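**Q** I'd like to go over a predicted model; first the sequence, then the structure.
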Amino acid sequence: MLSTQQLLLIAAAALLVFWMLGAHNRLVALRNGIIAAWAQVDEPLQRRAAALQPLVAALRTHLPDEQGALDAVLAAQAQLQPTADALRARPALAPRAAALVGAEAALQAALSRLLALLEQRGDLAGADDVAPHVAALRDATLRLAFARQLFNDAVGSYNEAARQFPTRLLSSLFGFGAAGTL
């Protein structure tokens with residue numbers, strides 16, 4: 001027969017185990033929210049990449065003196081692609097998100113020069129072989145901004161839950177590290 005003290009100890013241990021399971025499941029659900037939010041970011045990234053190739057190809061004939069700017073856009077996109085692929089595999093890893101932010105900054109710098117060239121040559125943006133690609137690029141950029149905010153909100157919720165006491169004690173035990181924002 002178990003004594004009252006043993007029963008209380010068993011009840012406390014059971015309560016602790018159930019709390020640990022609940023905390024683990026909450027962090028898993030929040031991490032799955034990050035994965036779902038990444039899918040919303042990944043789609044406009046792929047659309048933008050798909051729009052850049054034909055846009056640069058069309059602009060090569062219209063801007064023969066700006067081949068360096070066009071090559072810079074393609075090089076920045078080529079640098080971004082492996083970082084996006086790495087983050088796609090594990091969207092909740094902060095170093096991978098930081099790498100994507102750096103690659104995205106390089107692409108944005110190259111794109112801003114390209115868009116400035118298009119603004120200088122107003123007739124070029126309306127050309128039949130350029131206009132649909134510019135529209136697709138702008139649409140993907142707008143969608144990306146919205147999706148990035150959703151991703152950052154999901155990351156914020158996850159990081160906040162992982163930092164709260166007493167869940168913070170279990171985060172390292174279960175391998176839940178901080179996620180990175182975009």
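**A** Looks like it came in fine.
**Q** let me see the ranges of the helices in the chain.
**A** 4-62, 67-89, 94-120, 122-125, 131-163, 167-174 (DSSP state H).
**Q** do you know which of these lies nearest Thr181?
**A** Closest to Thr181 of the helices of the chain, according to C-beta to C-beta: helix 131-163, at 4.6 Å. To be clear about C-beta, it is placed using only N, CA and C from the backbone, and glycine gets the same treatment.
**Q** packing partners for the lowest-mean-pLDDT helix or strand in the chain?
**A** Scoring the helices and strands of the chain by mean pLDDT, DSSP states H and E places helix 122-125 at the bottom, with a mean of 81. For helix 122-125, the packing partners by 3 or more C-beta pairs under 8 Å, 6 or more residues apart in numbering; DSSP states H and E come out as helix 94-120.
**Q** the helices of the chain: lowest mean pLDDT?
**A** Lowest mean pLDDT within those: helix 122-125, a mean of 81.
**Q** Leu55 against Ala135, yeah?
**A** No - Leu55 is beyond contact range of Ala135, at 10.1 Å (criterion: C-beta atoms under 8 Å).
**Q** of these two, which one has the most company?
**A** Taking neighbours as other C-beta atoms under 10 Å, Leu55 and Ala135 compare with Leu55 leading, 23 against 12.
**Q** now that one: closest residue in space that isn't a chain neighbour?
**A** His133 (3.6 Å; C-beta to C-beta, 6 or more residues apart in numbering).
**Q** OK, contacts around the nearest residue to Ala106 once chain neighbours are set aside?
**A** Closest residue in space to Ala106, ignoring its immediate chain neighbours: Ala76 at 4.6 Å, by C-beta to C-beta, 6+ apart. Counting by C-beta atoms under 8 Å, 6 or more residues apart in numbering, Ala76 touches Ala103, Ala106, Leu107, Ala109, Ala110, Leu111.
**Q** how many residues are close by the second one?
**A** The one in question is Ala106. Counted with other C-beta under 10 Å, Ala106 comes out at 15.
**Q** likewise the last one?
**A** Each residue near Leu111 was counted by other C-beta under 10 Å, and the total is 19.
**Q** return the distance of it relative to Ala154.
**A** Distance, Leu111 to Ala154, using C-beta to C-beta, to the nearest Å: 26 Å.
**Q** number of nearby residues for Asp123?
**A** 8.
**Q** now swap in Leu87 and tell me
**A** 26.
**Q** hang on, isn't it packed against Leu93?
**A** Yes - under the criterion of C-beta under 8 Å, Leu87 makes contact with Leu93 at 7.4 Å.
**Q** and Leu169, what does it touch?
**A** So Leu169 contacts nothing (C-beta under 8 Å, 6+ apart).
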